[in-house]
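**Student:** Requesting a structural model of the entry that follows:
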Amino acid sequence: MDCLTILAQAAENAGSDAPEGQVIPIDLFWEHITSLNQLEAFIFISFGVVWLFYGWRVFKILVVISFALLGLALGTLVSGRIVGWNNQLVGGIVGMVLLALLSIPLMRWAVSVLGALAGAVFTAGIWYACGLNEQYIWAGALIGMVAGGMISFIVFRVAVILFSSMGGGALIVTGILALLYRYTQLPVEHTVLQLKWVLPVTLMLPMLIGLIAQHKFVKASKEWEI
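**Tutor:** This next block holds a predicted model:
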């Protein structure tokens, strides 16, 4: 939920107070990570483990939740840009309910969209980690989106594994970074903010673990139905 809120805020504030040349709101991401308390961090990690290893079993629920949160972020963003409309909460709720309901009958399409988004995040992370020009990070994201979307439409289970591994990895990394920041003396903030490769790499490692593990689980499970 925090990630989608960040995306909505980033889009709304794009170009307003960001440093020149900065596209990825890394400071905003870090602010939300460090705002988590101990209980919230452990909840993130716990849910992340479920997403990472068993997302293939409960993917329908995860799709509805993901689209509900996406609708919440988009509804808040759109309602905030409508002239004379100041109730962003109502817009967020409308968007949340609408996308959640649409994702149920359009489950295969919804999974493919999430798989494409996961691919976009993956390749955009590689672009950012390599220190390439952030102004063109959309090009890297577009490559991953096209590749992830094509794979998702061809092999449905790949889309399920891809988006659940990405979501689970993101939750786990967020929780761990919050705990490290609060309860250790490690220079976590300096490392994340100054070394661009750190955050993408820490996200991709659990994601790759989830991809491998879920692939083995799905192959070994004969009763799993799409």
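**Student:** Return the per-residue confidence for residue 130.
**Tutor:** At residue 130, the pLDDT value in this model is 86.
**Student:** swap in residue 32?
**Tutor:** Per the predicted model, pLDDT is 85 at residue 32.
**Student:** okay, the helix or strand hosting it in PDB with CA atoms only?
**Tutor:** For residue 32, the element it lies in under DSSP states H and E is helix 26-34. C-alpha atoms of helix 26-34 as PDB (Å, rounded to 0.1, in the frame of the first residue of the first chain):
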ATOM      1  CA  ILE A  26      14.200   7.700  -3.500                       C
ATOM      2  CA  ASP A  27      13.900  10.100  -0.600                       C
ATOM      3  CA  LEU A  28      10.200   9.600  -0.500                       C
ATOM      4  CA  PHE A  29      10.600   5.800  -0.600                       C
ATOM      5  CA  TRP A  30      13.000   6.000   2.300                       C
ATOM      6  CA  GLU A  31      10.700   8.300   4.200                       C
ATOM      7  CA  HIS A  32       7.900   5.700   4.000                       C
ATOM      8  CA  ILE A  33      10.300   2.800   4.900                       C
ATOM      9  CA  THR A  34      11.600   4.500   8.000                       C
END
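**Student:** and it, what other elements does it pack with?
**Tutor:** Judged by 3 or more C-beta pairs under 8 Å, 6 or more residues apart in numbering; DSSP states H and E, helix 26-34 is in contact with helix 2-12, helix 156-183, helix 188-194. (C-beta placed from N, C-alpha, C; glycine too.)
**Student:** Now with 6 Å, please.
**Tutor:** Counting contacts by 3 or more C-beta pairs under 6 Å, 6 or more residues apart in numbering; DSSP states H and E, helix 26-34 packs against helix 2-12, helix 156-183.
**Student:** most tightly surrounded among these?
**Tutor:** Highest mean neighbour count of the helices and strands packed on helix 26-34: helix 156-183, a mean of 22 (counted as mean count of other C-beta atoms under 10 Å).
**Student:** what mean pLDDT would you report for it?
**Tutor:** Helix 156-183 shows a mean pLDDT of 89.
**Student:** what about it, distance to the chain center?
**Tutor:** Distance of helix 156-183 from its chain centroid, counting by C-alpha atoms, centre = their mean, to the nearest Å, is 8 Å.
**Student:** And for stretch 40-56?
**Tutor:** With C-alpha atoms, centre = their mean, you get 13 Å for stretch 40-56.
**Student:** Can you point out the buried residues in it?
**Tutor:** For stretch 40-56, a neighbour-count test (16 or more other C-beta atoms under 10 Å) marks 41, 44, 45, 47, 48, 49, 51, 52, 53, 54, 55, 56 as buried.
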